[in-house]
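Undergrad: test case, fold it:
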Amino acid sequence: MVSESTEVQVRPGVEDDLEALTDLYNHYVRETPITFDTAVFTPEERRPWLLSHLEDERHPLLVATEAISNRILGYATASRFRPKAAYDTSVEVTVYLTPDAGGRGVGTLLYKALFEALTDQDVHRAYAGIAQPNEASDRLHTRFGFRHVGTYREVGRKFGTYWDVAWYEKEL
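TA: Predicted coordinates for the structure are as follows:
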């Protein structure tokens, strides 16, 4: 599956993406409360995460690249929602973009491709936890039919501040 525009291509992630994806994620670890990870990863530490997505089509990893340079602009994943078997038909979805990719429609392209990839899977619901405030992510999820189902107040502490996480749900 490849989705294209004149500027951006969306494709399945591959093992060669590991370093760039790790660098992209580490930006959010170091600079933002968007992820609650607080220590950066080496590519080798991040490898199990990557391989888990490459080996399981129910939990895809999609990558957006610039069509000409092939530079990674972002990625989207579907992951296990919870480890217990009864949750197997639910996934948690997420999108991460490079700082310069916001507002270009990259997140939209990634989510379109991700939900298309999930169409033939035995997935009933998608969930997204969004650290607040994050208006761009709130808007993206609402645009894709997610509805706000609740907020965990001050559930995580990062950079000496407590952060809320809003939870969104989408029927698939």
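Undergrad: P83 and E92, how far apart?
TA: The gap separating P83 from E92 is 12 Å, by Cβ to Cβ, to the nearest Å. (C-beta placed from N, C-alpha, C; glycine too.)
Undergrad: the two: who's more crowded?
TA: Neighbour count, other Cβ atoms under 10 Å: between P83 and E92, E92 has more, with 18 against 7.
Undergrad: report the beta-bridge partners for that one.
TA: Beta-bridge partners for E92, by DSSP bridges, are S79, Y127.
Undergrad: hmm, A136 is touching G102, no?
TA: Yes - counting by Cβ atoms under 8 Å, A136 does reach G102; the two are 6.3 Å apart.
Undergrad: could you pull out the helices for the chain?
TA: In the chain, helices defined by DSSP state H lie at 18-31, 43-54, 106-118, 135-143, listed in chain order.
Undergrad: list the buried residues in the longest one.
TA: What it means is helix 18-31. Buried residues in helix 18-31, defined by neighbour count with 16 or more other Cβ atoms under 10 Å: 18, 20-22, 24-29.
Undergrad: what angle sits between that helix and helix 43-54?
TA: 110 degrees (axes from the mean of the first three to the mean of the last three Cα atoms, to 10 degrees).
Undergrad: same for helix 18-31, what does it pack against?
TA: Applying 3 or more Cβ pairs under 8 Å, 6 or more residues apart in numbering; DSSP states H and E, we find helix 18-31 packed against helix 43-54, strand 72-80, strand 90-97.
Undergrad: number of nearby residues for L97?
TA: Residues lying near L97 (other Cβ under 10 Å) number 23.
Undergrad: now it. Nearest residue, chain neighbours left out?
TA: Nearest non-adjacent residue to L97, counting by Cβ to Cβ, 6 or more residues apart in numbering: G74, 3.7 Å away.
Undergrad: the one you found - how many residues pack around it?
TA: 23.
Undergrad: still on that earlier bit, between the buried residues of helix 18-31, which is nearest Y152?
TA: For those, the minimum distance to Y152 (Cβ to Cβ) is 18.9 Å, reached by Y28.
Undergrad: wait, the closest one sits on V95?
TA: No - with contacts counted by Cβ under 8 Å, Y28 stays clear of V95, the gap being 11.2 Å.
Undergrad: residue contacts, the closest residue to Y87 other than its chain neighbours?
TA: Nearest non-adjacent residue to Y87, counting by Cβ to Cβ, 6+ apart: F81, 4.9 Å away. Counting by Cβ atoms under 8 Å, 6 or more residues apart in numbering, F81 makes contact with 87, 90-92, 125, 127.
Undergrad: report the contact partners of the nearest residue to R46 once chain neighbours are set aside.
TA: Leaving out its chain neighbours, the residue that sits closest to R46 by Cβ to Cβ, 6+ apart is T22, at 4.5 Å. Contacts for T22 (Cβ under 8 Å, 6+ apart) come out as 41-43, 46.
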